[in-house]
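J.: Build me a model from this:
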Amino acid sequence: MMTSQPVRVAYIAGYGRSGTTILDIALGQHRAVFGAGEITSLTRHVWRHNEYCACGKPIRDCSFWSTVCQEWFANSDSRLMSEYCALQAKFEGLSVLAKVFSGLGLGKHFAPYALHTERLMKAMQSRSGKQIIVDSSKLPGRAMALAQVPGIDLRVIHMVRDGRGVAWSLLKPYARDANSGLQKEIRPKSVFRTALRWSVVNLAVEYLSRKLGPDKVLRVRYEDFVTDPIAIMQQIGVFLDIDLHQIGSALQNGDPVGAGHQVAGNRLRMAGSVALKRDESWRARMPAGQQVSFERLCGWMLRRYGYL
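T.: Numbers count the residues shown, from 1 in each chain. Below is the predicted model of the structure:
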C-alpha cells in the first residue's frame with residue numbers, strides 16, 4: 001500500500017567521478033535508507049536494455065526492481081515508459097532551472113511528470129520498506145524538478161570533487177563490459193570539455209541551492225568524505241535527521257560496505273562490496289600541463305571550493 005505522506009528523497013547532485021556512487025552505497029547501509037542509484041537512468045535506458053542491477057541480475061530479473069516496475073506499470077498502458085522518458089527530457093535538463101527562476105512556470109505537461117514520478121518513488125518506498133530513498137542521479141535539473149513535486153520531500157547533497165581529479169579520471173578510456181556495469185564504451189574526455197561541464201554543473205547546483213534554501217541543500221567535498229567519513233556522515237545524518245555515526249566509523253576503519261540494488265552509476269557498484277579509499281593519483285600521474293590547463297580554465301571555481 002502506498003502512503004499519503006510525502007516520500008523523503010535524499011538527492012545526490014554534482015558531476016560524475018565525484019564519489020556519488022560510494023556515498024549512495026554508504027547511505028544505503030542505514031536501516032531506514034534505500035540506496036537506489038541513478039533513478040533517472042532506470043527509465044531512460046536501464047529497463048529498456050535490461051542492464052544489470054548491483055545485485056548482479058539483469059534489471060528485469062531483479063526481485064526488487066521487477067516488482068517496483070510492476071506496481072508502477074499497474075493501471076497504465078504499455079506506453080508509460082516511453083512517455084515518461086519524453087517528460088524526463090523536457091523537465092530534467094538545465095532549462096528547468098531557468099524556468100523556475102524566471103517564474104514562467106513549468107507548463108501543463110509537468111503535472112503528468114509529477115504524478116508518474118511520485119508513483120514511482122512511492123512504489124520504491126513501499127517495496128523497500130524504507131523511509132528515505134537515495135537518488136544519485138546527479139543532474140541538477142532533475143533535482144529542481146523533484147523539488148516541484150508535491151508528494152516528494154527533497155533534500156539535496158551537493159557532492160564536489162577537485163575538478164583536476166575528475167578530469168584525470170575522465171581521461172581514461174574503458175571498454176564495454178556489461179557484466180561489470182559498463183554498458184557502453186567510455187572514450188576519454190578532453191580536459192577542456194570536463195572543465196566546462198564541471199563548472200556548469202556545479203554552478204547549476206549552487207543556483208538550485210539558492211532557490212531551495214540552505215536547509216534543503218548540503219555541500220560535501222569528496223576529499224573530506226574519504227579523509228574523515230565519521231565527521232561527514234555525522235554532518236549528513238544531522239541534515240537527514242538519522243544517525244549515521246556507526247556507518248561513518250565502519251568507513252573510517254576500512255570495512256567494506258555492500259551494494260544493494262543500485263542502478264547505473266559507477267561500475268564499483270557491481271563489486272558486491274567496496275571499501276572507502278582516497279583516490280588522488282592525479283596529483284602524481286596527471287601531466288603538469290593538463291593540470292595547469294584546468295587551473296587556467298577553472299581556477300576561480302577551484303578556489304571557491306577550497307582547492308587552490
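
J.: how close does Leu170 sit to Asp24?
T.: 20 Å (CB to CB, to the nearest Å). The way it works is simple: take the backbone N, C-alpha and C, and place the C-beta from them, glycine included.

J.: So between those two, which is more surrounded?
T.: Asp24 (29 against 21; other CB atoms under 10 Å).

J.: Pretty sure that one sits against Ala264.
T.: No: with contact defined as CB atoms under 8 Å, Asp24 does not count as touching Ala264 (10.4 Å).

J.: where exactly do the helices run in the stretch 201-308 of the chain?
T.: 222-227, 229-240, 245-252, 282-285, 288-304 (DSSP state H, counting those that start in this stretch).

J.: Near the residue nearest to Glu295 when sequence neighbours are not counted, how many other residues are there?
T.: Nearest residue to Glu295, sequence neighbours excluded (CB to CB, 6 or more residues apart in numbering): Leu302, at 6.6 Å. When neighbours are defined as other CB under 10 Å, Leu302 has 18 of them.

J.: Against Ser4, how distant is Leu302?
T.: Counting by CB to CB, the gap from Leu302 to Ser4 is 46 Å.

J.: do the same with Leu244
T.: Applying CB to CB to Leu244 and Ser4 gives a distance of 28 Å.

J.: Those two - which one has more neighbours?
T.: More neighbours surround Leu244 than the other of Leu244 and Ser4, with 24 against 7 (other CB under 10 Å).

J.: Would you check that the more buried one makes contact with Ile230?
T.: No: at 9.1 Å, Leu244 does not count as touching Ile230 under the criterion of CB under 8 Å.

J.: Gly19: neighbour count?
T.: 24.

J.: got the contact list for it?
T.: Met159, Arg161, Tyr222, Phe225, Val226 (CB atoms under 8 Å, 6 or more residues apart in numbering).

J.: What of Leu196?
T.: Counted by CB under 8 Å, 6+ apart, Leu196 has contacts Leu297.

J.: Please apply the same query to Ser18.
T.: Met159, Val160, Arg161, Val166, Tyr222.

J.: Also Leu212?
T.: Ala147, Leu154, Val156.

J.: just checking, what packs against the host helix or strand of the last one?
T.: With elements taken from DSSP states H and E, the one containing Val156 is strand 152-160. Contacts of strand 152-160 with other secondary structure elements, assessed using 3 or more CB pairs under 8 Å, 6 or more residues apart in numbering; DSSP states H and E, are made with strand 7-14, helix 20-27, helix 110-128, helix 140-147, helix 191-212, strand 217-221, helix 222-227, helix 229-240.

J.: could these go into a markdown table alongside distance to Leu308 and mean pLDDT?
T.: A markdown table is the format used below for the helices and strands packed on strand 152-160 (distance: least, CB to CB, whole Å; pLDDT from 0 to 100):
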| stretch | distance to Leu308 | mean pLDDT |
| --- | --- | --- |
| strand 7-14 | 19 | 98 |
| helix 20-27 | 23 | 97 |
| helix 110-128 | 39 | 97 |
| helix 140-147 | 23 | 97 |
| helix 191-212 | 14 | 97 |
| strand 217-221 | 13 | 98 |
| helix 222-227 | 13 | 98 |
| helix 229-240 | 21 | 98 |
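
J.: okay if I get these as JSON lines plus distance to Leu80?
T.: Shown next, in JSON lines, are those (distance: least, CB to CB, whole Å):
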{"stretch": "strand 7-14", "distance to Leu80": "19"}
{"stretch": "helix 20-27", "distance to Leu80": "26"}
{"stretch": "helix 110-128", "distance to Leu80": "7"}
{"stretch": "helix 140-147", "distance to Leu80": "18"}
{"stretch": "helix 191-212", "distance to Leu80": "28"}
{"stretch": "strand 217-221", "distance to Leu80": "31"}
{"stretch": "helix 222-227", "distance to Leu80": "36"}
{"stretch": "helix 229-240", "distance to Leu80": "31"}
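
J.: Now name the helix or strand holding the residue positioned nearest the centre of the chain.
T.: By CA atoms, centre = their mean, the mean C-alpha position of the chain lies nearest to Ser136, the distance being 1.6 Å. Secondary structure assignment for Ser136, by DSSP H and E: strand 132-138.

J.: Many thanks, have a good one.
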